[in-house]
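Asker: From the sequence below, what's the structure:
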Amino acid sequence: MATYRVGVIGCRGIGERHASGLLGLGNAALAAACDLEETTLNAFKERWHSEWPDLNTYSDHRDMLAKEDLDIVTVATSDHRHADLVVDAANAGVSGIFCEKPLATNLADADRMVDAAERNGAILSVDHTRRFQPLWRHIKEQIVDAGGIGAVQYVVGALNGPRSMLFRNGTHLVDSICYFADSEPDWVFAELEAGYEDYTEYRGDGGHDPATEPSASGYIHFANGVRGFFAGGSKVSADPKFRCEIVGATGYVDIGRDNAVLVRGSEREGIRAPEWPVSGIPAGVQELVRLVDVGGRPVSPAKDAHRVVEILIGFLESQRLGNVRVDLPIPPERRGV
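Answerer: I've put the predicted structure just below:
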């Protein structure tokens, strides 16, 4: 059995969770880690020393890619720092890349990331985490796709609370809407949270300070006729933080963070998630190792994550143009640099 050499870029909390996905795998080992901060890197190495005592550390990802002959790279850096890391990893010849969400914060970066992966034959999977959670997967595959609520009519997603940030957390909500709509988006319109009327391009700090990103209220029209509604509360909107409602011709599903209900006529049925040994981010890492080993399509492929960035930028374009309809794809001159 081949042992795949894995490198993690970004060694804080999310990077720790990336590494934890490798625990217990007989065909993958953490070979290298990279972070700009020495203290973070040292703490990461200490954390995993008993599991991978030969772990090499770097402050420059290009140096790591040049020296380590890696098969898989995971990217766990700030939201706006993913692009060069993914492109460089793909160009270095790795077989698989697991990248944090959002894929990118402008479309020019998203374009070149997808292109680099395709040109080099690398599998690029993105951490839209709900696709790696048993409750959401069960509802998608065993209820919605199986016809349990009839043909999907519309999907409503809500994001509330102090971290209602369009790119940082809104990316999960847009992806969830797209996941259940199961179609390409045709056009969007949106209105940003009050106080962000001139927010026409990403000006965040990578996902740390909520004040650097607005929330939004938006509409997504899909090619198959499904309608998507993005209800992004202001920073003072009440919990629950995240929920989705998928409405079909014969019933609907209401999903919260850890629970869900199926409603058909007068019948209400709680939905029990199947038990998985690993879920969330570690499950995403394990899936990528499996895909590198035996092939297949990611549950959260780069093209789906690119579609999410297209919608987020479409929301900003709609705001810039006076909250009007914006057709997708976004034209080249508005794709960012």
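Asker: Please make it C-alpha for all contacts and neighbour counts, starting now.
Answerer: Fine.
Asker: Strands along the stretch 151-300 of the chain, start to end?
Answerer: If DSSP state E, counting those that start in this stretch is used as the criterion, the strands of the stretch 151-300 of the chain fall at 152-159, 185-192, 216-222, 227-232, 242-248, 252-255, 260-264, 267-270.
Asker: would you list these in CSV and tack on distance to V324 and mean neighbour count?
Answerer: Formatted as CSV, the entries for the strands of the stretch 151-300 of the chain read as follows, by distance: least, CA to CA, whole Å; neighbours: other CA atoms under 10 Å:
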stretch, distance to V324, mean neighbour count
strand 152-159, 20, 23
strand 185-192, 6, 23
strand 216-222, 11, 22
strand 227-232, 15, 23
strand 242-248, 25, 22
strand 252-255, 29, 22
strand 260-264, 34, 19
strand 267-270, 38, 11
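Asker: of those, which approaches N42 most closely?
Answerer: Distance to N42, taken as CA to CA, is lowest for strand 242-248 among these, at 34.7 Å.
Asker: who does the closest one pair up with?
Answerer: When sheet partners are counted by DSSP bridges, strand 242-248 sits next to strand 152-159 (antiparallel), strand 252-255 (antiparallel).
Asker: low-confidence ranges in the stretch 101-250 of the chain?
Answerer: For the stretch 101-250 of the chain, no stretch is flagged by pLDDT under 70.
Asker: just the helices in it please.
Answerer: Read by DSSP state H, counting those that start in this stretch, the stretch 101-250 of the chain holds these helices, from start to end of the chain: 107-120, 134-138, 170-181.
Asker: looking at those, which is buried most?
Answerer: When those are scored by mean count of other CA atoms under 10 Å, the highest mean neighbour count falls to helix 170-181 (a mean of 24).
Asker: Give me the helices and strands touching the longest helix belonging to the chain, please.
Answerer: Of all the segments assigned as helix in the chain under DSSP state H, the longest by residue count is helix 302-320. Contact analysis of helix 302-320 by 3 or more CA pairs under 8 Å, 6 or more residues apart in numbering; DSSP states H and E lists helix 107-120, strand 123-127, helix 170-181, strand 185-192, strand 216-222, strand 326-327 as its packing neighbours.
Asker: Next, the angle strand 185-192 makes with it.
Answerer: Per axes from the mean of the first three to the mean of the last three CA atoms, to 10 degrees, the angle that helix 302-320 makes with strand 185-192 is 50 degrees.
Asker: Let me know the average pLDDT across helix 302-320.
Answerer: The predicted model assigns helix 302-320 a mean pLDDT of 98.
Asker: Could you figure out how far that helix is turned away from helix 107-120?
Answerer: 170 degrees.
Asker: Check the gap between the spatially most central residue of the chain and P298 for me.
Answerer: Among the residues of the chain, the smallest C-alpha distance to the mean C-alpha position (CA atoms, centre = their mean) belongs to H128, namely 2.8 Å. Applying CA to CA, to the nearest Å, one obtains 11 Å for the distance of H128 from P298.
Asker: give the contact list for G256.
Answerer: For G256, the residues meeting the contact criterion (CA atoms under 8 Å, 6 or more residues apart in numbering) are P240, F242, R243, C244.
Asker: now the farthest one out in this structure, which residue is it?
Answerer: Of all residues in the chain, the one whose C-alpha sits farthest from the chain's mean C-alpha position, using CA atoms, centre = their mean, is S266 at 35.3 Å.
Asker: what's the pLDDT at that one?
Answerer: Reading off the confidence values, S266 has pLDDT 96.
Asker: Ok, G336 next?
Answerer: Residue-level pLDDT assigned to G336 equals 81.
Asker: so it touches A108, yeah?
Answerer: Yes. With contacts counted by CA atoms under 8 Å, G336 reaches A108, the gap being 5.4 Å.
Asker: Tell me, how many residues neighbour E275?
Answerer: 10 (other CA atoms under 10 Å).
Asker: Look up the closest residue to it, ignoring the ones flanking it.
Answerer: The shortest distance from E275 to any non-neighbouring residue, by CA to CA, 6 or more residues apart in numbering, is to P134 (7.1 Å).
Asker: Please name the residues that touch the one you found.
Answerer: Taking CA under 8 Å, 6+ apart as the definition, contacts of P134 comprise A273, P274, E275, W276, S279.
Asker: Any chance of a markdown table for the strands of the stretch 151-300 of the chain, columns distance to G10?
Answerer: Written out in a markdown table, the entries for those read as follows (distance: least, CA to CA, whole Å):
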| stretch | distance to G10 |
| --- | --- |
| strand 152-159 | 26 |
| strand 185-192 | 31 |
| strand 216-222 | 29 |
| strand 227-232 | 29 |
| strand 242-248 | 26 |
| strand 252-255 | 31 |
| strand 260-264 | 33 |
| strand 267-270 | 39 |
